[in-house]
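> next input, structure requested:
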Amino acid sequence: MTKDEEWRKIILAINDNTFFDLMRNYLGRIETPFNKQDLMNRLVNFLSSNDIRDTLLSLIDEDEARLLSAVGLTGGATESQLRSSFPRWTYLELLTRIGNLEERFLIYRRKGIYNLTPLFEEELQRDYISPSLLIKTEEAAAGFDPPLWFCDPLMIALYSFFRSDSNLIKIDGSVKKRGSDKLEELFPHVFAGDEGLERFNLVLKMLTNLHLLEIIEGDISLNHGEWIRLADRPERDRYSLYYGAALADSPAGVAAMADFFVRFFKNFPEGRSVYSDSLAPYFLIFCSTGPAFHPEKVQKILCDLNILVHSGQGLKLNGILQFREENSPHDDHPLIVQPNFEVTVRQTASLGDLIETAGALDLIQYDLYSRFSLTRKSFLRAFSGGLTPVQLRDHLETLSGKDIPQNISISLDDWASEHEKVMIYKGTVMKVAEDKRIFIEKTDVLKPFILEVLADGVYMMKEGYERQWLEALENLSITPRVMDSSLEKKEEFNTPVLTKHFNWKLTTRSLWNQTFREDSEKGTELTEKLLKILDKSGIKGDEKKELEARIRRKLIFHPNQINKGIVRPEITEARGMNFQGKVRLVESALQNSSDRLELTYFSGGDARSILVQPLELKKEENDRILEGRILPDEEPIVLRVSKISKIRKIRSSLF
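Numbering: from 1, shown residues only. Predicted coordinates for the structure are as follows:
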């Protein structure tokens with residue numbers, strides 16, 4: 001189904017009262033017999049004529065263009081996202097503006113998502129929609145940007161630290177006193193003081209969301225295989241996942257938030273800072289995570305991570321945030337190995353380069369040049385996980401660009417030889433039928449994950465690498481029976497294809513102001529002209545008032561629309577002693593799911609107005625009890641109709 005067909009279908013599905021009211025508004029009186037499909041075709045023909053089309057679009061004001069930009073730039077926005085993007089409007093104001101754009105057939109809603117109407121989408125995208133309308137920027141101030149404290153070198157240090165010390169957390173999830181002291185000692189510039197503890201809690205959330213660790217009764221358990229998988233990713237993907245994990249509420253949301261970060265980073269206006277009140281719509285443009293997206297929280301986390309930094313009246317992208325592309329030159333020798341078994345790691349180190357080595361080291365202190373020690377205990381910890389002396393020696397020599405000191409090389413062999421006399425394994429056992437063993441033992445893709453052949457067809461597999469060897473089995477067309485539910489596949493993140501980049505220099509705010517000022521003057525002239533035609537039409541009373549209101553709401557914008565009998569004035573307000581009128585309004589709203597009620601009542605001596613979605617009207621002797629939800633937060637409310645001083649019925653949407 002094309003977008004045009006979908007839009008037509010949605011319009012035809014509007015309840016009859018609303019549908020025919022709209023048809024009369026645009027087409028005039030409807031003679032019987034009629035056919036809804038024929039009326040729809042007539043409406044499209046009317047709106048497609050050049051003079052009608054040009055007039056309808058020219059009446060779009062700046063606020064309406066902002067709202068249309070929020071819908072058009074996102075490819076579809078929810079009500080919740082629009083609320084976040086326009087906080088200066090009350091919820092009722094937003095609903096009124098949305099409803100007006102619907103009645104003018106500029107937007108429509110499908111399954112809770114607002115989209116541009118196909119009939120006008122091309123012109124709207126070309127002439128009215130721009131990020132410059134939503135987002136206010138200024139030239140970024142020159143100066144030094146703070147370092148990004150969460151980075152690959154920190155991950156290297158954390159991997160080493162958690163392997164040697166996992167008992168940092170209390171049962172209730174808070175950090176132990178011993179743990180906070182240790183963090184401050186080893187990470188003095190990152191995790192010191194109260195701010196440092198906040199950062200550490202954010203780090204735990206990120207690593208948990210990435211399935212890199214889990215906390216079981218206060219003990220931190222690393223998933224080594226997931227660390228390896230993450231380290232193997234390109235740097236841009238890896239950092240996107242870091243920040244996606246910080247922004248996500250749970251592991252299930254990481255991929256979507258990583259996707260958001262890539263788009264956000266790629267399109268941020270170069271050399272500009274964005275005003276804080278413009279960040280919500282800016283985030284909305286690049287967000288595809290639905291109504292759970294909270295711009296205020298996103299802004300705080302990006303500031304906490306130093307990704308966004310203050311500049312003038314706004315926030316700019318940290319200039320340090322640059323990613324190496326795949327196969328681009330980088331520091332070939334990020335570490336130094338000293339004869340005293342100390343290893344120094346530079347800030348240029350990549351997680352992909354050092355993940356295997358870090359598992360065999362103990363952290364001394366994380367800094368601009370981080371210091372680690374190679375001890376018997378740290379090596380045997382990695383050796384038990386499958387790292388051999390030869391492999392570690394090769395890693396150290398490759399990363400340092402030099403042969404390692406002879407005393408270290410000899411010690412590695414001695415430690416391994418002594419340790420092999422008694423082996424205690426921890427891992428996953430794989431049992432294989434005889435006809436499949438040849439695939440296991442003769443295939444190179446699985447050999448790196450086998451620690452030991454315990455018996456014929458029984459293999460001890462490397463701990464933490466389950467996902468990798470399960471994928472290897474799948475590639476061999478072997479689908480094992482998995483006895484551990486924790487091995488279920490997790491959502492993967494794929495680097496998004498960026499098909500759209502915004503040209504921030506395409507329009508300027510002053511240019512838009514001039515355009516809308518000119519259109520506003522034309523719109524005022526048209527309104528005055530139509531009101532004069534209405535005065536001379538002979539239409540009187542409530543019908544005239546309704547037509548005048550429609551002219552001011554831009555629903556009537558052509559003289560041919562001013563006709564007697566096209567509107568059927570409806571009572572939408574009841575107040576004071578008109579009890580039956582209030583009851584009828586509530587009953588009417590209950591019959592149409594898109595109707596809302598604005599209620600005014602007294603509480604504690606003060607008048608209070610709220611917007612309510614009515615749910616039920618119960619009879620009580622001499623009164624009625626209205627049950628509903630206060631919008632937009634959907635708090636339940638129960639009120640006696642007799643205690644409500646005014647009820648006004650509002651149509652929240654056509655759809």
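> in the stretch 251-400 of the chain, which spans are strands?
272-275, 308-311, 314-317, 335-337, 342-346, 362-365, 369-373 (DSSP state E, counting those that start in this stretch).
> nearest to residue 225, out of these?
Among those, the nearest to residue 225 by CB to CB is strand 362-365 (21.4 Å). C-betas here are computed from N, CA, C, even on glycine.
> so for the closest one, mean pLDDT?
Over the span of strand 362-365, the pLDDT mean works out to 97.
> hmm, back to that, okay if I get the strands of the stretch 251-400 of the chain as a markdown table plus distance to residue 138 and mean neighbour count?
Formatted as a markdown table, these follow (distance: least, CB to CB, whole Å; neighbours: other CB atoms under 10 Å):
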| stretch | distance to residue 138 | mean neighbour count |
| --- | --- | --- |
| strand 272-275 | 6 | 20 |
| strand 308-311 | 8 | 19 |
| strand 314-317 | 6 | 23 |
| strand 335-337 | 42 | 21 |
| strand 342-346 | 36 | 19 |
| strand 362-365 | 40 | 19 |
| strand 369-373 | 38 | 20 |
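> in JSON lines: those strands, plus distance to residue 628.
Shown next, in JSON lines, are the strands of the stretch 251-400 of the chain (distance: least, CB to CB, whole Å):
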{"stretch": "strand 272-275", "distance to residue 628": "37"}
{"stretch": "strand 308-311", "distance to residue 628": "40"}
{"stretch": "strand 314-317", "distance to residue 628": "40"}
{"stretch": "strand 335-337", "distance to residue 628": "65"}
{"stretch": "strand 342-346", "distance to residue 628": "61"}
{"stretch": "strand 362-365", "distance to residue 628": "58"}
{"stretch": "strand 369-373", "distance to residue 628": "59"}
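> what residues does stretch 23-42 touch?
In this structure, residues lying in contact with stretch 23-42 by CB atoms under 8 Å, 6 or more residues apart in numbering are 8, 11-12, 19-20, 43, 46-47, 550, 555-556, 560-561, 563, 565-567.
> now which of these would you call buried?
Neighbour counting by 16 or more other CB atoms under 10 Å classes 8, 11, 19-20, 43, 46-47, 550, 555-556, 561, 563, 566-567 among those as buried.
> which among the strands of the stretch 251-400 of the chain is found nearest to residue 250?
strand 308-311 (23.2 Å).
> so what does that closest one touch, helix or strand wise?
Packing partners of strand 308-311 (3 or more CB pairs under 8 Å, 6 or more residues apart in numbering; DSSP states H and E): helix 295-304, strand 314-317.
> out of those, which is the most enclosed?
Greatest average neighbour count among the helices and strands packed on strand 308-311 goes to strand 314-317 (a mean of 23), per mean count of other CB atoms under 10 Å.
> partner strands of that one and their direction?
For strand 314-317, the paired strands and their directions (DSSP bridges) are strand 272-275 (antiparallel), strand 308-311 (antiparallel).
> pick out the shakiest of those strands, pLDDT-wise.
strand 272-275 (a mean of 91).
> quick one: contacts of that one?
For strand 272-275, the surrounding residues in contact (CB under 8 Å, 6+ apart) are 135-141, 268, 282, 311-316, 504.
> try it again at 10 Å.
135-141, 268, 281-282, 308-317, 504 (CB atoms under 10 Å, 6 or more residues apart in numbering).
> just to revisit the earlier point, of the helices and strands packed on strand 308-311, which is nearest residue 185?
Relative to residue 185, the nearest member of the helices and strands packed on strand 308-311 by CB to CB is helix 295-304, separated by 22.7 Å.
> secondary structure element for the residue nearest to residue 57 when sequence neighbours are not counted?
Of all residues beyond its chain neighbours, the one nearest residue 57 is residue 123 (5.9 Å), with distances taken as CB to CB, 6 or more residues apart in numbering. Per DSSP states H and E: residue 123 is located in helix 121-127.
> in that helix, what's buried?
For helix 121-127, by 16+ other CB under 10 Å, it's 121, 124.
> which strands or helices does that helix pack on?
Packing partners of helix 121-127 (3 or more CB pairs under 10 Å, 6 or more residues apart in numbering; DSSP states H and E): helix 3-12, helix 50-58, helix 62-74, strand 113-116.
> quick one, what contacts residue 553?
By CB under 10 Å, 6+ apart, the residues touching residue 553 are 96, 99-100, 103-104.
> report the buried members of these.
In terms of neighbour count (16+ other CB under 10 Å), the buried residues within the contacts of residue 553 are 99-100, 103-104.
> so residue 79 touches residue 111, yeah?
No - taking CB atoms under 10 Å as the definition, residue 79 is not a contact partner of residue 111, at 12.0 Å.
> the two: who's more crowded?
Ranked by neighbour count (other CB atoms under 10 Å), residue 79 and residue 111 place residue 79 first, with 20 against 8.
> got the domain boundaries for the protein?
Per automatic domain parsing, the structural domains of the chain span 3-130+506-557, 152-317, 335-403, 428-487, 573-651.
> and the fourth one, how far from the chain's centre?
Going back to what we said before, that points to domain 428-487. How far domain 428-487 lies from its chain's middle: 37 Å, per CA atoms, centre = their mean, to the nearest Å.
> so for that domain, mean pLDDT?
Mean predicted confidence for domain 428-487 is 76.
> check for me that residue 453 belongs to a helix.
No - judged by DSSP: H, G, I helix; E, B strand; the rest coil, residue 453 forms no part of a helix; its state is strand.
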